[in-house]
Every structure is written in C-alpha cells, then in structure tokens.
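Participant: pasting the sequence and the predicted model now:
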Amino acid sequence: MWSMKDAIKPLHPPSTPITSTTTPTLQRFNHLLLEHGEKHLQDWAVVASSSPQQLSACEALENSSVNMGSIPGRLRLCSRSVVFEPEDYSRGIIRCPLIRMGACPQLANEEGDNVVTVNCARHLVMKGNNVIAPFESVEVEVMFRFTFLHSSPSRFLELVANLYAAVHRSSSSPSPSMNISALLRPMLDRPFDPSNLLSLTETPKTGNLRCHLLSPLLSTPGCAIVTNERIYFQPCDGILSVSQKAKSWSIRDIIAVARRYSGLDDAGLEIYMREEG
C-alpha cells in the first residue's frame, strides 16, 4: 500500500532544470539584451569593420567598437535593432538601434555586392569579455561595414528596409507594432519540421501546438508536438524558411505534470523531469 507521502512525492520533486538532448551552442546573445518586446528575426555569418565619421573620435576610443578591423561574427537582425556578436569573447556585443540610424542600411556597391553599410549615431556595447555589466553607450557616429560570407545580403536588406520604415513612421500613420507583427507572422506560423524528430519510428500524437517556453525573464514562442516517445519544442528563431533545431524531452523521464497560470489565464503546464544520474 502506498502512503499519502508516496502519492504526493512526484508533485514535489528535487529542483532540477529541464535538460534538452540537443547540444547547447556557445553564444552570448539572448533576448535579455534587447528592448522589452523586441524579437530576434534572423542571423548571418559576417565579417565586420567600423570607422568613426570624425577623426577625433578615433583617437578617443582606440581599440573599441569604433575602430574595428576585420572581426568575424554573427549579424543578428531584430525588430528594433541590428546586433553584431563577435566570435572573440573579449569583444563586446554591439547593438545599433534602428531609431538611431540616419539612413536605412544599404549595399556598398563600391566595395562589392556582399558588403552592407550601417551608419549609426549611437550604439551600445554589451558583455565585453563575456561579463554581465551595465551597457556602454557610445555617442559617436560610426560607419559599420558587414561583409556577408555564405549568403547574399539581399534578404537582410529587404527585411531591414521594412523594419526601418516601421520604426521611423510618424505617429499619425498606422502603429509600427502592427507592421512588425505582419513581418513576424510567417515565423510564428511555421509548422513543426519533421526532420527534428530523433527517430524514424516516432509517431506524432498531436498537431502543431502554438505555445511559449517559459524560463526566468524569458518567454520563447514556438510550436510543440507530442509523439509516442518524446515532447518536442521548436522555437521561432528565424523569419526565413529554414529548419529550426528543436528541444526534446523523453516521456519516460516525466514524473509529474501540473497545471499552472500564465498571467491570468489557466493555460500553463509545468512538467517535472526525473533527475539525471
């Protein structure tokens, strides 16, 4: 016979974070570096360089984001900014708000068909040496150049032009958030990619479940499915129609499930997993 203590034990398991079977990628960027409500749309492999528009700024800010040489990294397009994440952890992540740009990012025809220039009057530098610290605001007009390595910048230019127009639209026009929502809709409506299934013998038991994966301070939109073996969550991390890596958890490791509130809605689900090892 089970005692009451044994019956309620699965509802109070040891505090153990949910662990995905996918290998985590080494990156410093996350949504906490963005403005409230800002979304990450897509990223590209680039080589970045920069130069100040005034020579005096070059002398005052040596070896900083103002005077970059050829620095490889990822160029991330977000709904309100352009973010450059260098591969070198000693260099800070650079965020250029669209509202601070005097002109829309454009192709530098004199430097080739894969170089994009961004002229920003004020940018932010974050997580230098991979240390969480107050952001550094650089009040210098800087010209950034991004050389795309493995793809054409045409899609980036198309997306950033729409975002730039939405951000700079006057208050008398339709709300910029409505236009940005229309750009995000294809990304949010993308169905689950079957190539993310870990086994060919798995059988989906549900359709695409639109949901958010909640973690402290973050809410990641995406879609989930349940198979006969695992629970999958595919995040909405790219606006382009490319395969997104999905997180998954084995159903055999689930020891308890509890309903939770999400805000005022009784629509949350908390899953307790068996402790590893």
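Facilitator: The structure has been received and is ready for your questions. Remember, it's a predicted structure, so these values are computed and weren't measured experimentally.
Participant: residue boundaries of the helices in this protein?
Facilitator: 4-8, 55-60, 154-168, 176-188 (DSSP state H).
Participant: for Glu139, which residues are in contact?
Facilitator: Residues in contact with Glu139 (Cβ atoms under 8 Å, 6 or more residues apart in numbering) are Ala121, Arg122. Where C-beta positions appear, they are placed from N, C-alpha and C, glycine not excepted.
Participant: hmm, back to that, ranking the helices of the chain by mean pLDDT, which is last?
Facilitator: Out of the helices of the chain, helix 55-60 stands lowest, with a mean of 53 (criterion: mean pLDDT).
Participant: which strand is the longest one in the protein?
Facilitator: strand 40-52 (DSSP state E).
Participant: packing partners for it?
Facilitator: The contact analysis (3 or more Cβ pairs under 8 Å, 6 or more residues apart in numbering; DSSP states H and E) places strand 40-52 against strand 71-78, strand 81-86, strand 142-148, helix 154-168, helix 176-188.
Participant: next, the buried residues of stretch 30-37.
Facilitator: Of the residues in stretch 30-37, His31, Leu33, Leu34 count as buried by neighbour count, 16 or more other Cβ atoms under 10 Å.
Participant: phi and psi next, for the last one.
Facilitator: The one in question is Leu34. As for Leu34, its main-chain torsions (degrees, to the nearest 10) stand at phi -100, psi 170.
Participant: ok, it - contacts?
Facilitator: Here Leu34 is in contact with His40, Cys78, Arg80, Ser81, Val83, Arg95 (Cβ under 8 Å, 6+ apart).
Participant: go again using 7 Å as the cut-off
Facilitator: Applying Cβ atoms under 7 Å, 6 or more residues apart in numbering, we find Leu34 in contact with Cys78, Ser81.
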